[in-house]
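> Just the structure for this:
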Amino acid sequence: LVQADQTLVESVTVSNVLIYFFVEGSGLSLIGMNAGGIAYGSFDNLRIRHAKNGISLSADSTSFVNSNIFHGGAISGGIGEAGLRAEGPGACNDNKFYGMVIEPPET
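Here you go, the predicted model:
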């Protein structure tokens, strides 16, 4: 969980992490709330298995989750609802995914 509550979280780096068995929630959540924001994060070689949602990006109307980069890795193996979920009403844009396998429960 990376949560920005009335603050800016910038340039977080996460590398070579296995996230396993979050079947009631998201493997990784980036949440902007109360005029907070998350930007310019770098997430490299994440492996998320067996989760309700692989990655969740969420921002309330006063916040944002923008311009984060995901390199490599995979979201698979028993994903319950969605491999990737981005929801507002705040901005969740310009997040980039390069070379990441996202294997949802159904296509």
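
> and the helix or strand containing G73, how far from the chain's centre?
Applying DSSP states H and E as the criterion places G73 in strand 69-76. Distance of strand 69-76 from the chain centroid (C-alpha atoms, centre = their mean, to the nearest Å) equals 10 Å.

> list the helices and strands that strand packs on?
strand 42-59, strand 82-87, strand 96-98, strand 101-102 (3 or more C-beta pairs under 8 Å, 6 or more residues apart in numbering; DSSP states H and E). Where C-beta positions appear, they are placed from N, C-alpha and C, glycine not excepted.

> Comparing these, which comes out most buried?
strand 42-59 (a mean of 21; mean count of other C-beta atoms under 10 Å).

> what mean pLDDT would you report for whichever helix or strand comes after it?
Scanning forward in sequence from strand 42-59 by DSSP H and E, the next helix or strand is strand 64-66. Averaged across strand 64-66, the pLDDT comes to 98.

> Now do strand 64-66: everything it contacts.
30-32, 37-39, 57-59, 86, 90-95 (C-beta atoms under 8 Å, 6 or more residues apart in numbering).

> Please apply the same query to stretch 30-41.
Contacts of stretch 30-41 (C-beta under 8 Å, 6+ apart): 1-14, 55-60, 62-69, 90.

> let's see it at 7 Å
By C-beta atoms under 7 Å, 6 or more residues apart in numbering, the list of residues contacting stretch 30-41 from outside reads 2-12, 57-60, 62-68, 90.

> of the residues you listed, buried ones?
Burial by neighbour count, 16 or more other C-beta atoms under 10 Å: within the contacts of stretch 30-41 this picks out 2, 4, 9, 57-60, 63-66, 68, 90.

> farthest pair in those residues?
Spatial extent of these (C-beta to C-beta) is set by the pair D60 and N68 at 17.2 Å.
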